[in-house]
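Q: Predicted coordinates and the sequence they were generated for:
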Amino acid sequence: MKDWVGAAEAFQKVMKEGNNENGDKVFPYLGDAYFALGESLLAQGKKEEARKTWIEALQLFPKHKRALDITYQLGVLEKGVGKQKEAIDIFHQLAKENSREFWGKAAVLQLEQLEWQEKLGRDLSLVTTRFR
């Protein structure tokens, strides 16, 4: 069994100690800690906290090696909690800026799935209305 609570606490400690008195990011793996904290929060079911952590991490470390992966995961999270517009915006940006990369292609697939869900949802509501 994984200790997600302990992991989150360890990542938060690294994040706190990774800033100097001026607020500068001095710890070389601070970006990793931010992204991993979001993952451990998500594993605990703390979706909103994970979302906020990832958004902050992407603002602080936009060129990080995991930025594309986390951007994609953020889109999936938004989609999963019913924030379709936010998910679509994230996937559109990811697909546009990284069309030849894995995460850009994965974003296109998510967009296609969202389009089908929207179309099916409309079509299914017509069918259920007719049989009431």
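A: Cool, the structure landed.

Q: From residue 89, how far off is residue 104?
A: 15 Å (C-beta to C-beta, to the nearest Å). Any C-beta I mention is one placed from the backbone N, CA and C, and that applies to glycine too.

Q: quick one, which of the two is more surrounded?
A: residue 104 (18 against 13; other C-beta atoms under 10 Å).

Q: Identify the residue spatially nearest to that one, adjacent ones excluded.
A: Distances taken as C-beta to C-beta, 6 or more residues apart in numbering place residue 98 nearest to residue 104, at 3.3 Å, with adjacent residues excluded.

Q: The one you found against residue 68, yeah?
A: Yes: if you go by C-beta atoms under 8 Å, residue 98 and residue 68 touch, sitting 6.1 Å apart.

Q: residues bridging contact with the two, i.e. touching both?
A: residue 104 (C-beta atoms under 8 Å, 6 or more residues apart in numbering).

Q: Now the phi/psi pair for residue 74, please.
A: Dihedral pair for residue 74: phi -60, psi -40, per degrees, to the nearest 10.

Q: Quick one: residues contacting it.
A: Residues near residue 74 by C-beta under 8 Å, 6+ apart: 51, 54, 55, 58, 90.

Q: Save those as TSV, and put in neighbour count and secondary structure too.
A: Compiled in TSV, the contacts of residue 74 are given as follows (neighbours: other C-beta atoms under 10 Å; DSSP: H, G, I helix; E, B strand; the rest coil):
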residue	neighbour count	secondary structure
51	20	helix
54	24	helix
55	14	helix
58	20	helix
90	23	helix
